[in-house]
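[1] Dropping a prediction and its sequence here:
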Amino acid sequence: MLMKASEVAALLNKEEGAVIRWIKKEKLPAALVKGSYRINRVDLLEWATEHGIKVPPELFAAAQADIRLPTLFEALEAGGVHCGVPGADKLSVLRNVVNLLKLPPQMDPEFLLQVLLAREALGTTAVGDGIAIPHVRNPILLQNKPAPAISLCFLESPIDFGALDGKPVRILFMLTSPTVKVHLHLLSRLAYALHDGQFRATLNHACDPVGILEAARRFEHDMRS
């Protein structure tokens, strides 16, 4: 749930001006919605904890209620399966992948691309066997995004990502999420799925959006069994 700056001020017994200053100068995460700031309760809790600001116990309960951990199927359905993504090198591929994401208007695709390239400069995000999971050290948090998403991209041509096994990358998974907790959940879910024989075989067969989503649904069903 998103809160107004005035609601945050009342909750923390502060002036609304103080909350606005936190947003502008202290990097309290917030989004502009129709000219006024909105703050995610989970982001507020994390930021307040990092800055030593006391919060009432009810915020912990409310923030926990806001977090619904998605299934792999739900995240893939939200992000989509994209076939034949073009690109001759890492830069052009990542630019084309970013352009496929359903980003909110306030997020600059070029800035996101720059952050992803900076992460790649620190070390490859290729996980082997032709698969990469481009990500940044701080997860891509989209507070205005209605649902967490994993965009699965099959590349038109395999690209060298400097993978440890030496294989060029042909499949990319791009994660976007509203909170750190959801990001880590999706990352672990995806890592587990990539060790599932049937799901991996579906990926290796072809770019088949319907078949891949069905394999993800089956994986989740088997996890619950």
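    Received, thanks.
[2] Counting by contacts, list what the host helix or strand of E214 packs against.
    Here E214 is covered by helix 209-224, with elements defined by DSSP states H and E. Judged by 3 or more Cβ pairs under 8 Å, 6 or more residues apart in numbering; DSSP states H and E, the packing partners of helix 209-224 are helix 72-79, strand 81-85, helix 180-193, helix 197-205. Glycine gets a C-beta too; all of them are placed from N, C-alpha and C.
[3] So for A5, which of those sits nearest?
    helix 180-193 (22.1 Å; Cβ to Cβ).
[4] returning to what we had before: give me the buried stretch members for the helix holding E214, please.
    Using 16 or more other Cβ atoms under 10 Å as the test for burial, helix 209-224 gives 212-213, 215-217, 219-220.
[5] can you redo the helices and strands packed on helix 209-224 as CSV with distance to H51, mean pLDDT and mean neighbour count?
    As requested, these are exported to CSV (distance: least, Cβ to Cβ, whole Å; pLDDT from 0 to 100; neighbours: other Cβ atoms under 10 Å):
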stretch, distance to H51, mean pLDDT, mean neighbour count
helix 72-79, 31, 93, 22
strand 81-85, 39, 97, 16
helix 180-193, 16, 84, 18
helix 197-205, 41, 91, 14
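[6] can you list these in CSV and add distance to S36?
    Shown next, in CSV, are those (distance: least, Cβ to Cβ, whole Å):
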stretch, distance to S36
helix 72-79, 27
strand 81-85, 35
helix 180-193, 25
helix 197-205, 43
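[7] what ranges do the helices span in this protein?
    Assignment of helices within the chain using DSSP state H yields the ranges 5-12, 16-25, 41-50, 57-66, 72-79, 90-100, 109-122, 180-193, 197-205, 209-224.
[8] Which among those helices is found nearest to I131?
    helix 197-205 (7.7 Å).
[9] From the chain's centroid, how far away is that closest one?
    23 Å (Cα atoms, centre = their mean, to the nearest Å).
[10] Which elements pack onto it?
    Packed next to helix 197-205, using 3+ Cβ pairs under 8 Å, 6+ apart, are helix 209-224.
[11] Run through who's touching the helix it packs on.
    Contacts of helix 209-224 from elsewhere in the structure, counted by Cβ atoms under 8 Å, 6 or more residues apart in numbering, are 71-73, 76-77, 80-81, 83, 152, 192-193, 196, 198-199, 202-203, 205.
[12] Walk me through which strands the lengthiest strand in the chain pairs with, and which way each runs.
    Using DSSP state E to assign secondary structure, the strand with the most residues in the chain is strand 149-159. The strands that strand 149-159 pairs with in its sheet are strand 81-85 (parallel), strand 169-176 (antiparallel) (by DSSP bridges).
[13] Look at the residue positioned nearest the centre of the chain and report its pLDDT.
    The centre of the chain sits closest to T176, judged by Cα atoms, centre = their mean, with a distance of 1.9 Å. Among the per-residue scores, T176 shows a pLDDT of 82.
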